[in-house]
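A.B. asks: any chance you can model this:
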Amino acid sequence: ADELVPAADRAEPPGNSCMIVVATDVPLDARQLGRVARRAVFAMARVGASFSGTSGDYAIGFTTSDQQPIPDGEIDPVFAAVLDAVEEALLNSLFTAVTTTGVGGRTSHAVPHRAVLERLAAAGRLIPESPAETR
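C.D. replies: Next up is the predicted model:
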């Protein structure tokens, strides 16, 4: 009863993968986009990814800019922004998911947002930013 998600949902079937697409308007060349995409996968660790041997996590990136690429010395803020954006996207996908029943009647339960916030608050790891977070 201490678990937020039923044990059946926590069993990770082999072959799970995450595909990340980084789209930007920052002028980057193909080599820089590769570096940015590799950093994007690192954001998964921020939210607890285990990177099991059977996962095939990868990222691709593209830019809409046709301008001269930025110098390599100016790319650190792009790396930071990509990490933040991917982390937020992953968390959003967890907290906006709904409980679903699929093939063969297998049910995957959504992460209970309120219970997660309560546990974070009890551990002193969360300061509510708005009244909506405490609902």
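A.B. asks: CA only for contacts and neighbour counts going forward, please
C.D. replies: OK.
A.B. asks: contacts for the helix ranked longest in the chain?
C.D. replies: Ranked by residue count and defined by DSSP state H, the top helix of the chain is helix 76-96. Contacting residues not belonging to helix 76-96 are listed as 20, 22, 36, 39-40, 42-44, 46-47, 110-113 [CA atoms under 8 Å, 6 or more residues apart in numbering].
A.B. asks: would you map the helices across the protein?
C.D. replies: 7-10, 30-46, 76-96, 113-122.
A.B. asks: ok, the residue lying closest to residue 98 once chain neighbours are set aside - how many residues close by?
C.D. replies: Distances taken as CA to CA, 6 or more residues apart in numbering place residue 110 nearest to residue 98, at 4.9 Å, with adjacent residues excluded. The tally of other residues near residue 110 (other CA atoms under 10 Å) stands at 17.
A.B. asks: which ones are touching residue 110?
C.D. replies: 5, 94-95, 97-100.
A.B. asks: mind pulling up the pLDDT for residue 7?
C.D. replies: Listed pLDDT for residue 7 reads 66.
A.B. asks: how does the chain divide into domains?
C.D. replies: 13-96, 98-135 (automatic domain parsing).
A.B. asks: now do the first one: distance to the chain's middle.
C.D. replies: Relative to its chain's centre, domain 13-96 lies at 9 Å (CA atoms, centre = their mean, to the nearest Å).
A.B. asks: ok, now the shortest one?
C.D. replies: Relative to the centre of its chain, domain 98-135 is centred 16 Å away, using CA atoms, centre = their mean.
A.B. asks: can you offset everything so residue one is 57?
C.D. replies: New numbering, starting at 57: the last item is domain 154-191.
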